[in-house]
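> Need the 3D shape of this:
(2 chains)
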Amino acid sequence: MARAALGEFEHHVLLAVLRLGGRSYSAPVVMELESTTGRAVSPAAVFVALRRLEQRGYLRSSKRAPKPGEGGRGRREFAVTPAAVVKLRESRRAFERLWRGLDPLTERP
Amino acid sequence: MSLPPPRVPAWLLGRLLPRSVREEALDEIADVHALRVGRDGRRPADRWYRREAVPYALRLRYALATGRLATPSGVDDGSRNGRESMRTLMGDVRYGLRALVRNPGYAMVALVTLALGIGANTAIFSVVRTVLLRPLPFEEPDRLVAVWETRLDRGWTSASFTHANFWDVRDRNRSLEAVAALGWERRNLTGLDQPERVGVAAVSADFFRVLGVSPVAGRAFARGEDEADADTRIAILAHAFWSTRFGADREVVGRQLVLDGIAHTVIGVLPAGGSWLQSADLFVPMIRRPDANRGSFELAVIGRLAGGFTIETARADLERVANDLAAEYPETNAGMGIAMESSARWVAGDSLRRALWILMGSVGLLLLIACVNLANLLLARATGRAREAAVRAALGASRGRLVVLVMTESLLLGFLGAGVGLALAASIVSLLRRFNPGGIPRLDEVAIDGTVLGFTILVAVITSALTGLIPALRPSNRSVVAELRESERSVGSRRLNRFRSVLVGGEVALSLMLLIGAGLLIRSFTRVLNIERGFDTGNRLVFEVSLPASYGEPPGRAAQLLDEYLARIQSHAQVVSAAAVSMRPLRGVGTGMGFAAGDRPPPAGDAVPWASWRIVTPGYFRTMGIPLIAGRDFSPADAPRPPWRVVISQRIAEHLWPGEDAVGRTLILWQGQGAIPAEIIGVAADTRDWDLAGGPSFAVYLSMGNGFSPDFVVQASVPPMSLLPMLRSTLAELDPQLPISGIMTMDDLVGASVASRQFTMLLLAALAGVALLLALAGVYGVLSYSVTRRRAEIGMRLAVGASPERVLGLVLVQGMRPVVFGVLAGLAGAFALMRLMSNLLFEVQAVDPVTYAAVAVLLLGAAAFSCWVPARNAMRLDVVAALREE
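Residues are numbered from 1 along each chain as shown, chains lettered A, B, ... in the order given. I've put the predicted structure just below:
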């Protein structure tokens, strides 16, 4: 299960967590994805993806107590695991190999 | 410090979220909201939250149910069982959806089948509910009655009232709390921007009290405002006229309107809706005149039953009044009776009621066919999936689970079908409303409402439960081993196939009945259209020029104007012929008078024959294409004064003087109502100018008098509508204040007179066509499925030397057997049911052998064709491949 390829959205979520310093709560991931992809992102999709990625060993989570002024019972913080970094590198290399020589065709000035 | 998300959506979200993830999920979306407040501002963030909350909850529920989101361990979840079954249900639904998507052909056929059945049902039910079932929007409508005069000896069961009889009934009855009369006329409305012809209803003062209607502005007529000395120059506006003509301005009360040159003060505005309230643009008081007559039947009368009276007891009271009047005025009232009818019948007369119920029955049959078809489809699928079911059972699935699995799929189909069907019904209803092809009353009130929606869903659920149940119960009573073995050997389950054949037979029978019904209506319709009308319609136009009452002064002014107008039209190069007549043909209502031969004693009072009469100008017969059989047409010398001269229809001549020449003899006009002798100068061919489906009437034509508002008939050498500008400008040269109205080609006039007949026919034909397609799909489906299952057997037959033709015959016989049984059953059913339709038919018997035979042959032929395709496939079977499968 853990060795299955990353879905596009899961890929995006992992990269977003990395861009946020390798560890983050759910909400900043939603905002980060929206601002980098320019598309509306469903918070439910992020909710599910984070937990699936944790199940597959690409994220770890821990709970921390709510800060003063924050509602709720505390937040679950997700951190990227080394396995995820390996997986991301792998797929980036695969993409780069596939892209090699294609740039002139697709990247018209 | 962040702002909390909007309260109501947050609360709702809390209710919708599954308990296992509720806290976390609420916190997370609240965080996103808080970040959005920082980025976009409060309002956009709140808007986002409101939009996103429900989908958020549903997506999470879906993810949990499908296992994409694991239940966090250690979370106390009291609803484990509930969630478990929810997950199973979602799984079943997904399974069903996938199964439908994987078999798009099957899914489409099933969906279309259901949607047609449900859509047609919903649309017709909506109409039936509004027109036949929903009470009229009046106070206590069950106490409202329509009142008619009767003259049973003349065959009149519901005649309009004469003025004098109405006032007497009003004064003498004890059973009606209030009773009122209404007479329609048309008047010229001037003083606004354009002269306009408006419909005016003259009503007695109690009219709105009878209906229990109060004006939305101003007041209604007060008691006594119909007495001879009352001021008659007041008017009440109908709601539609008020809205369109005065922009619903309440200030209109108190304004002056000029009707036929006389100023009337607007005193009130009526509420919208209600059949009577829409029957005119303006309502004016009907004044009681001391010289009111008893010979002219022209008033519609309605009443409200007094407390304690039923229609039956009130009828006895009114009969007493009628008998008294007959004794007092034997000359005019002999044989008079009074009939009453509940207000439930006001909206739809008997023939429309019957037509609607027949349509309702037909769509019911169609839905039944759709269900049978669907059951057949699901059965075929169940057979195909018997093996899958057997494997599931072998792996431990309970019988209940298997039933639920199959039921889910058919319920899914049912709901999808209901959705599509509802959309279909909405578009049918909006089409009906836009075109109102059959002149159906109250159609503007028809809408898909909550009740109809409930009805649809009920139909969908029952349909799918019924169809789902049959295949769903099947796997349960068979042993797994038998099922596995049987599907492997492709022999096909005989019992099931026989059951499917019975279903096909049933489908064929039902659709044959619908086809016969449609066939009978089509034959009636063509008979009505092709019947000898007695007049021509091609290139002819009718229109109305109405002269206000003020044209009566000085005497002769109106006649002079009409003569001048007619002369100018006739001189136009493209006009072949033109004439005027007091009432255009096919109006559906008419005039009447008793008549008798002048050269023999008149028959006793009761047996006086009755004729319609029209006043015409010279040239009317030529313009209408009515042949003159004897004598001559009117000439300008036949002025409308004694000695009277008339042209009579052939039927009168044959009735009074069979085998003799009628020209030159004397006819007594208005026999029993004044008895005026007239000289017969001509005999014209019979026409059906009341109603095409009625027989040709006795008709008397009189020479044109003045003071009438005539219809003009123009025969043109070009498409007649192109003459309109000329007709308008010619009239304007004579008097720019006079409007032209009621413009129609004669062809359209004929079309309009058969519109409701045509509507019923087209609708039933469409239903029958759909039913036929469904039945053929059933025939084809069952046979082609059976051929597929019997490939090995057929291959074996071919291999051992059966000729392909023999195989073809074998398969054809197998396919046609249920069809033949269905046709026989359908003929028997039609024979029993079609009597219900007999009063919608015209010159066609309900058991018309030609229609029955033609429809049966058509159906057999079409079914044979749909059998032929699978049969040909069987004949061309690749023997080697088929046997290898074995």
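> Leaving out the residues flanking it, which one is nearest to B:Gly815?
B:Cys867 (3.5 Å; CB to CB, 6 or more residues apart in numbering or on different chains). All C-beta spots, glycine's among them, are computed from the backbone N, C-alpha and C.
> element containing that neighbour, please.
Element membership of B:Cys867, judged by DSSP states H and E, is helix B:849-875.
> ok, and what's touching the longest helix belonging to chain A?
If you go by DSSP state H, chain A has its longest helix at helix A:82-99. By CB atoms under 8 Å, 6 or more residues apart in numbering or on different chains, the list of residues contacting helix A:82-99 from outside reads A:Ala2, A:Ala5, A:Leu6, A:His11, A:Leu14, A:Leu15, A:Leu18, A:Leu53, A:Gly57, A:Tyr58, A:Leu59.
> Could you check the pLDDT of B:Pro44?
Here, the pLDDT recorded for B:Pro44 equals 91.
> Likewise for B:Arg489?
pLDDT at B:Arg489 comes out at 42.
> what number of residues lie near the closest residue to B:Thr851 other than its chain neighbours?
Closest residue to B:Thr851 apart from its sequence neighbours, by CB to CB, 6+ apart: B:Gly519 at 4.4 Å. Residue neighbour count, defined by other CB atoms under 10 Å in any protein chain shown, stands at 23 for B:Gly519.
> How about B:Ser160?
So B:Ser160, with other CB under 10 Å, has 18 neighbours.
> State the three-state secondary structure for the nearest residue to it once chain neighbours are set aside.
With CB to CB, 6+ apart as the criterion, B:Ser160 has its nearest non-adjacent residue at 4.4 Å, and that residue is B:Phe297. Look at B:Phe297: counting by DSSP: H, G, I helix; E, B strand; the rest coil, its state is coil.
> do you know how far the residue nearest to B:Gly815 is from chain A?
To chain A, B:Cys867 is 50 Å away according to CB to the nearest CB, to the nearest Å.
> close enough to count as contact, that residue and B:Val779?
Yes - counting by CB atoms under 8 Å, B:Cys867 touches B:Val779, with 6.4 Å between them.
> Looking at these two, which one has more neighbours?
A count of neighbours by other CB under 10 Å puts B:Val779 above the other of B:Cys867 and B:Val779, at 29 against 26.
> ok, the residue nearest to B:Gly815 - contacts?
So B:Cys867 contacts B:Val779, B:Tyr780, B:Leu783, B:Val811, B:Leu812, B:Gly815, B:Met816, B:Val819 (CB under 8 Å, 6+ apart).
> so where do the strands sit in chain A?
A:23-24, A:59-64, A:75-80 (DSSP state E).
> can you tell which of those is closest to chain B?
Nearest of those to chain B, taken as CB to the nearest CB: strand A:75-80 at 6.4 Å.
> Check for me that B:Asp691 belongs to a strand.
No - using three-state DSSP, the secondary structure at B:Asp691 is coil, not a strand.
> Could you give the number of residues near B:Asp661?
12.
> about what we covered before: same list (the strands of chain A) but as TSV, adding mean pLDDT, distance to B:Glu196 and mean neighbour count.
Shown next, in TSV, are the strands of chain A (pLDDT from 0 to 100; distance: least, CB to CB, whole Å; neighbours: other CB atoms under 10 Å in any protein chain shown):
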stretch	mean pLDDT	distance to B:Glu196	mean neighbour count
strand A:23-24	90	76	18
strand A:59-64	86	79	14
strand A:75-80	88	75	19
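> Pull out the buried positions in the longest helix of chain A.
Using 16 or more other CB atoms under 10 Å in any protein chain shown as the test for burial, helix A:82-99 gives A:Ala84, A:Lys87, A:Leu88.
> residues in contact with B:Gly519?
B:Ala768, B:Thr851, B:Ala854, B:Val855.
> and the first one, what pLDDT?
Spelled out, that is B:Ala768. We have a pLDDT of 87 for B:Ala768.
> Name the helix or strand for B:Val683, please.
Per DSSP H and E: strand B:676-684 holds B:Val683.
> Also B:Val128?
Secondary structure assignment for B:Val128, by DSSP H and E: helix B:104-128.
> The following helix or strand past that helix pairs with which strands?
Scanning forward in sequence from helix B:104-128 by DSSP H and E, the next helix or strand is strand B:144-151. Strand B:144-151 sits in its sheet next to strand B:156-159 (antiparallel), strand B:300-305 (antiparallel), strand B:336-342 (antiparallel), going by DSSP bridges.
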